[in-house]
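Engineer: Could you work out the structure for the sequence below:
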Amino acid sequence: MSIGKEFKEFAIKGNVVDLAVAVIIGGAFGKIVASFVADIVMPLIGMLFKADFTDWKFELKPAVLDAAGAVQTAAVELTYGNFITVVVDFLIVAVAIFMVVKAINASKKKEAEAPAPPPPPPSEDVVLLREIRDLLRK
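Structural biologist: Numbers count the residues shown, from 1 in each chain. This next block holds a predicted model:
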């Protein structure tokens, strides 16, 4: 079998296609969550703390300016406000994924717990043969 045919067989399998769709949807979902956090959640949290998280940073080394006032060497800063935003972003994604997995598991559990339908009643021939068997035993 040639490599091209093997790759085609591999790529057409359902698992690979499902994985590709999941990655694409996951990327889009990540953008939605990032926008939700950056545009809605963080401004509300910032309003509660009376600060903008993106401005929260710790300067390790100040910028070096030349005589004209232009930046010769940029400042070295720890921008922990951005880190807080990313952590909130992660927590929202984690909660959303947890809720989806929990819903899927609940639906699978309901399917497993559903009582099996009763078996169909035996045919008339089987009932008649059972009666004959019981009469012969007596």
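
Engineer: So which bits of stretch 92-108 are buried?
Structural biologist: Buried residues in stretch 92-108, counted by 16 or more other CB atoms under 10 Å: V93. C-betas here are computed from N, CA, C, even on glycine.

Engineer: Next: stretch 78-86.
Structural biologist: So for stretch 78-86, counting by 16+ other CB under 10 Å, buried means 81, 85.

Engineer: elements contacting the longest helix seen in the chain?
Structural biologist: As assigned by DSSP state H, the longest helix anywhere in the chain is helix 80-113. Judged by 3 or more CB pairs under 8 Å, 6 or more residues apart in numbering; DSSP states H and E, helix 80-113 is in contact with helix 14-36, helix 42-49.

Engineer: tell me the angle it makes with helix 14-36.
Structural biologist: Calculated by axes from the mean of the first three to the mean of the last three CA atoms, to 10 degrees, helix 80-113 forms an angle of 140 degrees with helix 14-36.

Engineer: On the pLDDT front, check the residue nearest the centre of the chain for me.
Structural biologist: With distances taken as CA atoms, centre = their mean, I97 lies nearest the centre of the chain, 3.8 Å away. Confidence at I97, expressed as pLDDT, is 79.

Engineer: Roughly how far does it sit from F58?
Structural biologist: Separation of I97 from F58 (CB to CB, to the nearest Å): 32 Å.

Engineer: again, but for K108
Structural biologist: 48 Å.

Engineer: now swap in A75 and tell me
Structural biologist: Plainly put, A75 is 11 Å away from F58 if you go by CB to CB.

Engineer: What confidence value was assigned to G14?
Structural biologist: 62.

Engineer: err, K102, not the other one
Structural biologist: On pLDDT, K102 comes in at 89.
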